[in-house]
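S.K.: below are the sequence and a predicted model; questions follow.
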Amino acid sequence: MAFNVLVVDDSPTMRKFIRKVLILTGLEIGECIDAGDGCDALSLLKTNWVDIILTDINMPTMDGEELMRRLTADLLFGPIPVIVISTDRSQERLRRMLELGAKDYVTKPFLPEALGRVMAKLLTGEPYAGD
Amino acid sequence: MPAIEVDGMITDAAAEVLESMCFMEVLGDIPEMHSPDADWMSARLYFDGPHSGELGISASHSTVNSLAAAFLGEDIAQLDTPQSLEFLCELSNMICGSLLVRFNQNGVYRLSHPTNGPYYRGPQPGWACKALRLGNGELFVGLCVGIRA
C-alpha cells in the first residue's frame, strides 16, 4: 500500500528536501503534495486523500500550532496522523505540539532513517525496515 | 555566556547541520577571515526568547551552490540562484535552531523568517564570529546574542 503524504513548510527548499528524504526512507510513498502554510494545507485536505501530514511550526499566515488545533477539532481531518518537523528542539515546544495532537516530533537536522522510523511506526505499526 | 563557549557552540551547531544535511565536513576554523569577494551571498534571521539576537551566515556563491546541491540531491548545474538563496535561508534557520538548543535546552524561541542579502557584515564588537573551513570552501557565521534580564 502506498501512502499519500502532505508536507507543510513555508520553505520550498525544505519541501523539496523532505520529498527527497521520503524516497530515501524506502517507504512506499504514493502522492506527495505540499503546502506553504496551515491555510494552504487545510484547503488541500478538502480535495486530497492524505494518510499522513508532515508539518513545520514557524510559518506565515497560519503556523503549525494553529494548524494542529484546526486539524484536531475537525472530524474528518482529526484522525490523520501528524508529524512535526522543526528546528525548534525545546522540550516545551515538543510538549505543546504533542498536547495539541501531533503524533511525533522530528527535529532538524535529521537523517532519513529518523523520519522513516516514526512514519513506519504510525503508518504500518511495524518496525522500520531501514534500520 | 563566555565568548569562548559561544565560539565552540557555533562550530558545533554548524558542523551538526552541515554534516547531517549536506554531508559536508567542517575541517576547522579559519583564524583570519579574508575579505570576501563580491559574489558572496548571505542570510540572516532574528531570534527572541530566553536569549535574543541575530544570526547571519555567508559563503561564496560556489560554496552555497555545492552545499545546496548536496542538500537537495541535485546536480549543481540544475540549481538557479533563487534556489541557492532559499537554501541559504534554510541553512541559517537550521544552524540557529541547533545553536539555541545549546544555549537553553528548554527555552522556547521565536525565529524570524530568514532574509537574504549581500555579504553579511563581519566581526564587530560584541559579536561572536566564526569562519569555518569546509571541504568545498568557507562559511562565515556571525552571531549577536543578548541574555534577557
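M.R.: Perfect, I can see it now.
S.K.: got phi/psi on the closest residue to chain B within chain A?
M.R.: In chain A, the residue that lies nearest chain B is residue A:87 (2.7 Å; C-beta to the nearest C-beta). Quick note: C-beta positions are derived from backbone N, CA and C, even for glycine. Residue A:87 adopts backbone torsions of phi -80, psi -20, taken as degrees, to the nearest 10.
S.K.: kindly report the same for the one 3 residues further on.
M.R.: Geometry field for residue A:90 lists phi and psi as phi -70, psi 140, criterion degrees, to the nearest 10.
S.K.: over to residue B:143?
M.R.: phi -140, psi 130.
S.K.: kindly report the same for residue B:47.
M.R.: According to degrees, to the nearest 10, residue B:47 has phi -130, psi 150.
S.K.: now do residue B:67
M.R.: The phi/psi pair for residue B:67 (degrees, to the nearest 10) is phi -70, psi -40.
S.K.: phi first, then psi, for the closest residue to it other than its chain neighbours.
M.R.: Nearest residue to residue B:67 in three dimensions, chain neighbours excluded: residue B:22, at 4.8 Å (C-beta to C-beta, 6 or more residues apart in numbering or on different chains). Residue B:22 adopts backbone torsions of phi -120, psi 0, taken as degrees, to the nearest 10.
S.K.: show me where chain A has its strands.
M.R.: Assigned by DSSP state E, chain A shows strands spanning A:3-8, A:29-35, A:52-55, A:82-86, A:104-107.
S.K.: do chain B as well
M.R.: With DSSP E as the criterion, chain B has strands spanning B:26-29, B:40-48, B:51-60, B:110-111, B:115-117, B:128-134, B:137-147.
S.K.: just checking, what packs against the last one?
M.R.: Put plainly, it is strand B:137-147. In terms of contacts (3 or more C-beta pairs under 8 Å, 6 or more residues apart in numbering or on different chains; DSSP states H and E), strand B:137-147 is packed against helix B:3-21, strand B:51-60, helix B:61-72, helix B:81-103, strand B:128-134.
S.K.: so the longest one versus strand B:40-48, what angle?
M.R.: So that's helix B:81-103. 40 degrees (axes from the mean of the first three to the mean of the last three C-alpha atoms, to 10 degrees).
S.K.: what is helix B:81-103 packed up against?
M.R.: helix A:12-24, helix B:3-21, strand B:40-48, strand B:51-60, helix B:61-72, strand B:110-111, strand B:115-117, strand B:137-147.
S.K.: okay if I get the ones you listed as JSON lines plus mean neighbour count?
M.R.: Putting the helices and strands packed on helix B:81-103 into JSON lines (neighbours: other C-beta atoms under 10 Å in any protein chain shown) gives the following:
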{"stretch": "helix A:12-24", "mean neighbour count": "19"}
{"stretch": "helix B:3-21", "mean neighbour count": "18"}
{"stretch": "strand B:40-48", "mean neighbour count": "20"}
{"stretch": "strand B:51-60", "mean neighbour count": "22"}
{"stretch": "helix B:61-72", "mean neighbour count": "21"}
{"stretch": "strand B:110-111", "mean neighbour count": "16"}
{"stretch": "strand B:115-117", "mean neighbour count": "14"}
{"stretch": "strand B:137-147", "mean neighbour count": "19"}
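S.K.: hey, least reliable of these by pLDDT?
M.R.: Ranked by mean pLDDT, the helices and strands packed on helix B:81-103 bottom out at strand B:137-147, which scores a mean of 81.
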